[in-house]
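Visitor: sharing a model prediction with you, sequence too.
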Amino acid sequence: MPDFYIFKARNTMKKPTFITLVFIFLCFVGEHCFSQVSKDTLRVAYAPAAPFIIQEEDLLEGINIWLWDRVAEDLDLEYKLIRMDFATMLDALKRGAVDVCINPLTITGERSKQMEFTHSFFASHSTIAVAKQSSLQKIKHFFGSFLHINFLRGFLLLLIILLFFGSLTWLAEHRGNPKDFRPGIKGIWDGLWWSMVTLSTVGYGDKSPKTRLGKIAALGLMFSGLLFVSGLTASIASSLTVNQLENSTSDFSSFKERKVGTVKSSEAEDFLKTHFFKDITTYKGVQPGLKALSAKRLEAFMYDEPILRYRIRKDSSLSKVELLPIKFDVQFYAFGIKKDSIVLEQAISQRILEITESQEWQIVLAEYGLTEL
């Protein structure tokens, strides 16, 4: 056999061997990477956020704790739990100081630049907590409406009209009809009384103009009443409505000028800033914020609805706090993973997807009183 064919045959034999070696090497590297994920002790951070993470002394439970335990057990992950406050935990995850955050983190575009997210396991929204109004406060707000500038302007204009036509009628009548319109200061009161009775269409009939000029003044009062009273009524109604809106707790936009609170570094804080809320106070957690609201240091506290509802229901000291039927900022919760930990993220996401599709997950949600959107 010529040398050329021998060389070609040898090359043909070496090629499959090389490809096989590369394939074995890649499989070994992939298996080694996942092995490292499984065997290294992961630093897992959390911050109490009931009902997702509930901590009472040494007892740690909640939906996220249950879900993470299942994932870690199925994937044979070794880990160490580290408690932090919310803002510190997020910063540690962004810096890579921790590997996983098992809090219900809202998936956002900005956060995705600094960390990986697993598959979402729950969807919710934000809402508003306010201090309940007492009956005395409601009465106070109602009567406070009558001190509104629009009401006072309307009342002043009405008084001027009554006084003008009452005085004009008295000038025309006090000489020719002294019985109904007495002379002096008492007659001015008679004219004012007559104009009020006439304009209100009560019509007692105890006083009436007799002279031609007095009757002309009465006609002027009647026609002006048709023109002005409807406008004054609208002005008074407007003042009551404006005051009601200013004190209303049923409109999201009405809180933009008020003192509101939320959790520091949360998605709710970013949302409020984006929507031009002017007076925002941040807290390390939900409980300090709700305590401030209960003590009237805030007018509203805004955060994730499931967490607020659970905290208010469980804490008897928050009995004077209630949630409004206002929903905004829909959120999808997931675990946060250290940036570029793709293998770990994919493994955890796959397991979360399988668990959340099971009937067991629905039972766990029901135990904590949660329902998804």
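Guide: Received, thanks.
Visitor: what ranges in the stretch 201-350 of the chain fall below the confidence cut-off?
Guide: Low-confidence segments of the stretch 201-350 of the chain (pLDDT under 70): 203-206, 229-250.
Visitor: SS state for the nearest residue to Glu372 once chain neighbours are set aside?
Guide: Spatial nearest neighbour of Glu372, chain neighbours left out: Ala123 (5.4 Å); criterion: CB to CB, 6 or more residues apart in numbering. (C-beta placed from N, C-alpha, C; glycine too.) Three-state call for Ala123 (DSSP: H, G, I helix; E, B strand; the rest coil): strand.
Visitor: and the gap between Ala123 and Asn64?
Guide: 15 Å (CB to CB, to the nearest Å).
Visitor: between those two, which one's more packed in?
Guide: A side-by-side neighbour count of Ala123 and Asn64, using other CB atoms under 10 Å, places Asn64 first with 22 against 11.
Visitor: which residues does the host helix or strand of the more buried one contact?
Guide: Remark: Asn64 resides in helix 63-75, with elements defined by DSSP states H and E. Helix 63-75 is contacted from outside by 37-38, 44, 46, 49, 51-54, 77, 79, 102-104, 121-122, 335, 347-348, 351-352, 355, 361, 364-365, 368, 370, using CB atoms under 8 Å, 6 or more residues apart in numbering.
Visitor: which of those fall within strands?
Guide: If you go by DSSP state E, the contacts of helix 63-75 have 44, 46, 54, 79, 102-104, 122, 335 in strands.
Visitor: can I get those residues in TSV including neighbour count?
Guide: Output for those, formatted as TSV (neighbours: other CB atoms under 10 Å):
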residue	neighbour count
Val44	18
Tyr46	24
Ile54	18
Tyr79	16
Ile102	25
Asn103	22
Pro104	25
Phe122	20
Phe335	26
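Visitor: let me see the ranges of the strands in the stretch 251-373 of the chain.
Guide: 259-263, 279-283, 300-304, 321-323, 328-338 (DSSP state E, counting those that start in this stretch).
Visitor: for Phe252, find the nearest of the ones you listed.
Guide: Distance to Phe252, taken as CB to CB, is lowest for strand 328-338 among the strands of the stretch 251-373 of the chain, at 6.0 Å.
Visitor: low-confidence ranges in the stretch 51-200 of the chain?
Guide: Filtered on pLDDT under 70, the stretch 51-200 of the chain yields the residue ranges 134-135, 137-148, 150-151.
Visitor: could you pull out the helices for it?
Guide: Taking DSSP state H, counting those that start in this stretch as the criterion, the stretch 51-200 of the chain carries its helices at 63-75, 86-95, 109-112, 135-144, 149-173, 185-199.
Visitor: for Glu299, find the nearest of those helices.
Guide: Minimum separation from Glu299 across the helices of the stretch 51-200 of the chain (CB to CB) falls at helix 135-144, 12.7 Å.
Visitor: so what does the residue nearest to Phe335 when sequence neighbours are not counted have for phi and psi?
Guide: Of all residues not flanking Phe335 in the chain, Thr118 sits nearest, at 4.4 Å (CB to CB, 6+ apart). Backbone torsions of Thr118, given as degrees, to the nearest 10, read phi -80, psi 180.
Visitor: right, I'll leave it there.
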